[in-house]
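> coords please:
(3 chains)
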Amino acid sequence: MVSTVNFERHSPDVYGAAHPKALLKAIHEDGAFLKPLENQHVVSIDQFSSEMLLQLFRLAAKYESNPERFSAALQGKVLISAFYEPSTRTRLSFESAWHRLGGDIMSITDRSSTGIAKGESLEDVAEMFNNYGDCVVLRDSQAESVHRMMNTLRIPIINAGNGIDEHPTQAMADLYTIFKWRPELIERDLPAEKRIHIGIIGVPGKMRTVRSLLKIIAHFPDMLSEVSIIHDKREQALFAEGQRESLEAAGLKITTYTDLPAVLPALDVVYINAIAWMGDDYETFGNRFKLSKASPLKAGAIVLHPLARGEELSTNLDATPHNWYFSQARGAVFVRKALLTYMVQRGERVMDVI
Amino acid sequence: MVSTVNFERHSPDVYGAAHPKALLKAIHEDGAFLKPLENQHVVSIDQFSSEMLLQLFRLAAKYESNPERFSAALQGKVLISAFYEPSTRTRLSFESAWHRLGGDIMSITDRSSTGIAKGESLEDVAEMFNNYGDCVVLRDSQAESVHRMMNTLRIPIINAGNGIDEHPTQAMADLYTIFKWRPELIERDLPAEKRIHIGIIGVPGKMRTVRSLLKIIAHFPDMLSEVSIIHDKREQALFAEGQRESLEAAGLKITTYTDLPAVLPALDVVYINAIAWMGDDYETFGNRFKLSKASPLKAGAIVLHPLARGEELSTNLDATPHNWYFSQARGAVFVRKALLTYMVQRGERVMDVI
Amino acid sequence: MVSTVNFERHSPDVYGAAHPKALLKAIHEDGAFLKPLENQHVVSIDQFSSEMLLQLFRLAAKYESNPERFSAALQGKVLISAFYEPSTRTRLSFESAWHRLGGDIMSITDRSSTGIAKGESLEDVAEMFNNYGDCVVLRDSQAESVHRMMNTLRIPIINAGNGIDEHPTQAMADLYTIFKWRPELIERDLPAEKRIHIGIIGVPGKMRTVRSLLKIIAHFPDMLSEVSIIHDKREQALFAEGQRESLEAAGLKITTYTDLPAVLPALDVVYINAIAWMGDDYETFGNRFKLSKASPLKAGAIVLHPLARGEELSTNLDATPHNWYFSQARGAVFVRKALLTYMVQRGERVMDVI
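Model prediction:
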């Protein structure tokens, strides 16, 4: 290999690292809405109110506006980062959030070498965690694991993806990105012409990221004109039992499509994700749906993807203004910083108004 | 999965997190007894005196009484946490102890990806460790590994379980728990009626936790009326060569039983553990011995277990006052904090009287 | 196992931990030569000048002379330690360097559980790293991986061994050791009688450590009378295309030998290493070449080895003054400290003169 590296590297443009200051300004700080998070478990988007989410996003925007600030907010706190289902991306996102706030971390990156693999119960593992750390981040392929651990945990646990069920902090990062893109969307009674049409390529009943995303946007029905689910024709069970009804009851207008090009030009936000957890392994959905520079995207539309991506999302979109998926990945760290800060009762160190 | 999680979690009772203040008061602080630990290896209970152990327990109780204090005692110190035999529980206990004192950690969680697996000698690995850290915690399935590393180590190493041999800090946690339960047991020449009867379900010759426990209680023969070993009838070699003789010479009155219900009502402390290291793998002992709420336990008796547990210890004991095994797991962190502080010569930062 | 451990450990001699103060004195501090390193990638020795290397060695010697100093230089900085090709030794060397300067670390110790194993592109992984850390250390079995990551990285990356290509920080540690041994070698126009004869047992075209070592000594041709490559007779392709020509153009006088005993008595520095990366696996070279106390080493000659060693380097040399390989391993930590400090723009915290 002939090396042509030198020390004159140009600084590339930071695609999608959109400034969060507009969102910061749009939300009035009120830490009282975050107090219920203190020392509590975070398992589902169901636990959150719209006010709580807005305050979380405000704190995230505050962190993102000034990443070096508050670097000692979690000093003396120890995180147990338990990734029984391995995920380097999500693990590092949480661990980065924690380190950036000055906390220490103990990681479990693999289930195979743990007591669980030898038959130890999750309840006993949780009891052990009580003695070792101040907070647990758990990713597991079984939906019930987080619930079983909660039985004996006296320190807060955060669900970083539990099988087919939920991935609440991913959904928070998704919505945070949308609000950074258009801060006026947080307003109640938004006039019809300002509302957005979101398209979600995926299967709400089987994909935890889609499930959590739908739950979180249902907290803000006023920002939406329509939510379209784009799915493969052969997909039989698009929604889980009661899922669609519950979302519609919250005020979402849901439509379904099997023809992506037909609906794409109408979408303001396109959410794409081809991977879903199915029982014991991953399955790929909708791999006939692909987005690229050639796709008929609306001018000004943004594309979101929880990453890692497969062939469904072309890298030729990376350098276009449609790319907000990198901003989404970046924002996830700040959303997690906000949530963790309150879970371990250090909100008073980062809020100007309590 | 229907989520019923909300933010109104009740605070469960902390079973067995008994207050260590009584023990703290019972021991007069004298750091001089801990000075010989400075920059020294810790491999076996044989190295310790009763005075040294009491001062370690005092420091552990001091830490446990005020867990947030001394959070910078190990600042700038780097631990090499080398678990060639994987053990999440023990690894996290040591790492938590170190982090709680403000130190940094580098972990090896698996032997397979290391140079040792490719044939590098333990002596060379130890030489490497000299350059990288200030202390080594070693768990290995071979008893001789810690001894081989000591040949070239110039930083202190602590034995976190070496095959069938010893697990000194586990034994310290066991005895620390007993002393927290009844601080008067530390007194010399304890009157006969105050002495306790300990029953140990296990095989002293084959189980490292039992071996180390017997060694450590032999430093305090005055607290004991009797030590009963409860074992399977088919067990041929209960003790290693010279083991029983040496314990009796130290002043222990040892009896053996094969019928648990016969002796159980007489026991003040019941130590149970079904797992033992046998050559290259684990073996389960005495799995016909089981403890549960239905067992004829003496009123006020406590149960100890090094955990993780199998079927030998029913979870229906967890909510009873017999459960001191959770306190034992909790206390292990503080005992390790005390030991590590002195090994890396930071005693002066945590002692009131030097 | 009968334990004979007590707390009266003698302090063994620290072989080869030669004092770096002579080197420190010999180089005049001038941080300006290190400024080009700020926020830049380090992939190859080709990027460096002799002045830059000398200033790096000076800073390394400054760190080594007073290891406790500057323990907060990297406070708030997060390292991503990505060892897709596992190497405990190199990983811990980098991580120790970072921790000693007060930074935090997130480790990836295995490729198998990462997104890369599932097909995620290195470019996307690098984009993710931008959001999580301040610097990346990468070890990978593919030479091109570091180059692919550089395409999307906005934080600096350091090459910790890329397949068959290079291992620049190892070469820096090698040369740093030679300069500590004889600081006068840094002088230009060194008289012939003071120049040294280096012998390298290995295959320059196939071994990344040898490749990088030859590149780095080519920056200091004045210190060398001769460079001898000692290789197996059956070795056909000793050099890569253009490699020998390029080194000779830089001023090295290169000779080759297949008979080690014939040349050994003439060598001032003997560099030995039997392991080389070959495509997808390791291969052992020249295992008929062995060094031991019985070898006809010149009085005062030093032996270097990047470690881990195999049978090619006898442990009976460890206690002799020829052993500078332990000093070399020790020095690597300080060289890495120096390089990392500048890469993450914290030079001003450790330099007296800027």
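> three-state assignment of the most centrally placed residue in chain A?
When Cα atoms, centre = their mean is applied to chain A, the residue found nearest the centroid is residue A:170 (1.2 Å). Secondary structure assignment for residue A:170 (DSSP: H, G, I helix; E, B strand; the rest coil): helix.
> distance check, it against chain B.
Using Cβ to the nearest Cβ, to the nearest Å, one gets 16 Å for the distance from residue A:170 to chain B. C-beta: built from backbone N, CA, C; applies to glycine.
> my guess is that residue meets residue A:161, correct?
Yes - counting by Cβ atoms under 8 Å, a contact exists between residue A:170 and residue A:161, whose distance comes to 7.4 Å.
> OK, now which residue of the stretch 151-300 of chain A is nearest to chain B?
Relative to chain B, the nearest point of the stretch 151-300 of chain A is residue A:165 (4.9 Å; Cβ to the nearest Cβ).
> that residue touches residue A:210, doesn't it?
No - judged on Cβ under 8 Å, residue A:165 makes no contact with residue A:210 at a distance of 11.7 Å.
> contacting residues around the residue nearest to residue A:75 when sequence neighbours are not counted?
With Cβ to Cβ, 6 or more residues apart in numbering or on different chains as the criterion, residue A:75 has its nearest non-adjacent residue at 4.4 Å, and that residue is residue A:102. When contacts are counted by Cβ atoms under 8 Å, 6 or more residues apart in numbering or on different chains, residue A:102 touches A:71, A:72, A:73, A:74, A:75, C:76.
> just want the phi and psi numbers for residue A:102.
phi 90, psi 10 (degrees, to the nearest 10).
> any idea which element residue A:81 lies in?
Counting by DSSP states H and E, the element that carries residue A:81 is strand A:78-83.
> where does the stretch 101-250 of chain A come near chain C, residue by residue?
Listed as neighbours of chain C in the stretch 101-250 of chain A under the rule Cβ under 8 Å from any Cβ of the partner chain: A:102, A:105, A:107, A:109, A:110.
> run a quick neighbour tally on the nearest residue to the fourth one once chain neighbours are set aside.
Yep, that's residue A:109 we're talking about. Counting by Cβ to Cβ, 6+ apart, residue A:83 is the residue found nearest to residue A:109 once chain neighbours are left out, at 5.6 Å. Here the number of neighbours of residue A:83 (other Cβ atoms under 10 Å in any protein chain shown) works out to 23.
> am I right that residue A:212 falls within a helix?
Yes - the assignment for residue A:212 is a helix, going by three-state DSSP.
> by how many degrees do the biggest helix by length in chain A and strand A:78-83 diverge?
Taking DSSP state H as the assignment, the helix of chain A that covers the most residues is helix A:325-343. With axes from the mean of the first three to the mean of the last three Cα atoms, to 10 degrees as the criterion, the two stretches helix A:325-343 and strand A:78-83 enclose an angle of 130 degrees.
> please see if helix A:325-343 touches chain B.
No - applying Cβ under 8 Å from any Cβ, one finds that helix A:325-343 is not in contact with chain B, the shortest distance being 10.6 Å.
> next one: that helix, is it in contact with chain C?
Yes - looking at helix A:325-343 against chain C by Cβ under 8 Å from any Cβ, the contacts come from A:326, A:329, A:330, A:332, A:333.
> what ranges does the stretch 101-250 of chain A have for its strands?
Ranges of strands in the stretch 101-250 of chain A, per DSSP state E, counting those that start in this stretch, are A:104-108, A:135-140, A:157-162, A:196-201, A:224-230.
> my guess is residue A:327 contacts residue A:176. True?
No - counting by Cβ under 8 Å, residue A:327 does not reach residue A:176; the two are 9.4 Å apart.
> neighbour count winner among the two?
Ranked by neighbour count (other Cβ under 10 Å), residue A:327 and residue A:176 place residue A:176 first, with 28 against 24.
> isn't the more buried one right up against residue A:331?
Yes - taking contact to mean Cβ under 8 Å, the distance of 4.9 Å between residue A:176 and residue A:331 places them in contact.
> find the residues that touch each one of the two.
residue A:60.
> could you measure from the residue of the stretch 151-300 of chain A closest to chain B over to residue B:180?
41 Å (Cβ to Cβ, to the nearest Å).
> between these two, who's got more neighbours?
residue B:180 (26 against 23).
> if I look at the more buried one, how far off is residue B:57?
In this structure, residue B:180 lies at 8 Å from residue B:57, with Cβ to Cβ as the measure.
> burial count for residue A:223?
Close neighbours of residue A:223, defined as other Cβ under 10 Å, add up to 21.
> residue contacts, it?
Neighbouring residues of residue A:223 by Cβ under 8 Å, 6+ apart: A:178, A:185, A:186, A:187, A:190, A:195, A:196, A:217.
> which two among those residues are spaced furthest apart?
Within the contacts of residue A:223, A:187 and A:217 form the most distant pair, 14.8 Å apart (Cβ to Cβ).
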